[in-house]
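*Asks:* Here is a sequence with its predicted model. Questions after.
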Amino acid sequence: MLGLGFSDKPYGHNYTVSEQASIVERLLKMLAVEEVHILSHDLGDTVAQELLRRFLYRQKSSSKGAQYLKIKSLCLMNGGVFPETNFPLGSQRLMLNPWLAPLTRLGNYYTFKNSFGKVFGPDTQPASMDFVDFWALLRWNEGNLVMPGLLQYVAERRVNRAAWVGALQKSTVPVHMIYGPADPVNPPVFADRYRELLPKATITVLDNHIGHYPHWEDPMAVLMAYFGFLEKVSPLTQPPAKGET
C-alpha cells in the first residue's frame, strides 16, 4: 500500500483509507480482475472494510449486469476492526499526537526493536536479523518519516465506525477472522466483541502465544485456517459435472 513496504512514501501526503481502497480497485481493474477473495491484516482490515462497504452499496444500487469489483469472501487477521477494542502502543499514540509526532524522528533501531517486539507473542519473537530486515523495510524511502501520517487511519476508524463495522454486519459474503490472542493492540476482549457484533461470521482463535502477526508467527496454522474457510464458502476443487471425467 502507499507509504508501506517498497511502495512510494510521499512525505506530507494526506494518507486515507479511502485512497488506499481506490488504489486497490484501480490495480485490480488494470489487471482485469473482476472477482476476489480478500485476505487482509491490520490496516488492510480497514481497507477491506471500505472495499466491502463499496461492494455492498454497488450491489444494492447498481442495475443488473453492472460491472464492479465483486467480493467472494473476506478473511481478516489482527487489526482494529472495532475501535473500542483497539489499544495502540505508546509509540503509536505518540505519533498520533500532532505536537509530539515530530519526536519520532529521533527514533532509532533500538527504540524500534523495543516497541515492535511487543506486538509479537512471547514465544514467537523475531530473530535479530529479522528485526534488522523489518527496520530496513520501514526505513526504505524514508518510510519512518511518514508513519505519523499513515497512522491517521486510527482516527478514521472512529469517525467511520458505523459504516465500516456496519459493512461487516450487513455483509452478503462470508466473513472470517484468524486471530492471534497474544496481541496487546487487539487483546482477547476483541474476540468477544467480534462474536457479539458478528454472530453470523466465523473466527479461528490461534494458540495463546500467537500475537499481532499470526501469518508471520504461525504461517502454517494461518494457511490451514484460511484454506479451511475457503473450502467451506467456495470449494477450491469442484467435482466433475455429470458425464465428465
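*Replies:* Perfect, I can see it now.
*Asks:* alpha carbons only for contacts and neighbour counts from here, please
*Replies:* Noted.
*Asks:* now the helices for the chain?
*Replies:* Here the chain has its helices, by DSSP state H, at 17-30, 43-61, 90-96, 109-116, 128-139, 147-150, 153-159, 161-169, 189-197, 214-217, 219-233.
*Asks:* ok and the longest one relative to helix 161-169, angle-wise?
*Replies:* Here helix 43-61 points in a direction 80 degrees away from that of helix 161-169 (axes from the mean of the first three to the mean of the last three Cα atoms, to 10 degrees).
*Asks:* which sections of this protein are below the confidence cut-off?
*Replies:* For the chain, applying pLDDT under 70 flags the ranges 63, 65, 95, 97, 99-104, 106, 236-245.
*Asks:* swap the cut-off to 90 and go again
*Replies:* The chain contains residues with pLDDT under 90 at 61-67, 88-108, 144, 147-148, 234-245.
*Asks:* re earlier: any chance of the helices of the chain in JSON lines, with mean neighbour count and distance to residue 3 too?
*Replies:* Shown next, in JSON lines, are those (neighbours: other Cα atoms under 10 Å; distance: least, Cα to Cα, whole Å):
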{"stretch": "helix 17-30", "mean neighbour count": "15", "distance to residue 3": "10"}
{"stretch": "helix 43-61", "mean neighbour count": "20", "distance to residue 3": "12"}
{"stretch": "helix 90-96", "mean neighbour count": "17", "distance to residue 3": "15"}
{"stretch": "helix 109-116", "mean neighbour count": "14", "distance to residue 3": "18"}
{"stretch": "helix 128-139", "mean neighbour count": "15", "distance to residue 3": "9"}
{"stretch": "helix 147-150", "mean neighbour count": "21", "distance to residue 3": "7"}
{"stretch": "helix 153-159", "mean neighbour count": "16", "distance to residue 3": "12"}
{"stretch": "helix 161-169", "mean neighbour count": "18", "distance to residue 3": "22"}
{"stretch": "helix 189-197", "mean neighbour count": "15", "distance to residue 3": "27"}
{"stretch": "helix 214-217", "mean neighbour count": "20", "distance to residue 3": "21"}
{"stretch": "helix 219-233", "mean neighbour count": "15", "distance to residue 3": "25"}
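*Asks:* could you dump the ones you listed to JSON lines with distance to residue 79?
*Replies:* Shown next, in JSON lines, are those (distance: least, Cα to Cα, whole Å):
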{"stretch": "helix 17-30", "distance to residue 79": "14"}
{"stretch": "helix 43-61", "distance to residue 79": "6"}
{"stretch": "helix 90-96", "distance to residue 79": "14"}
{"stretch": "helix 109-116", "distance to residue 79": "15"}
{"stretch": "helix 128-139", "distance to residue 79": "19"}
{"stretch": "helix 147-150", "distance to residue 79": "15"}
{"stretch": "helix 153-159", "distance to residue 79": "10"}
{"stretch": "helix 161-169", "distance to residue 79": "13"}
{"stretch": "helix 189-197", "distance to residue 79": "10"}
{"stretch": "helix 214-217", "distance to residue 79": "11"}
{"stretch": "helix 219-233", "distance to residue 79": "15"}
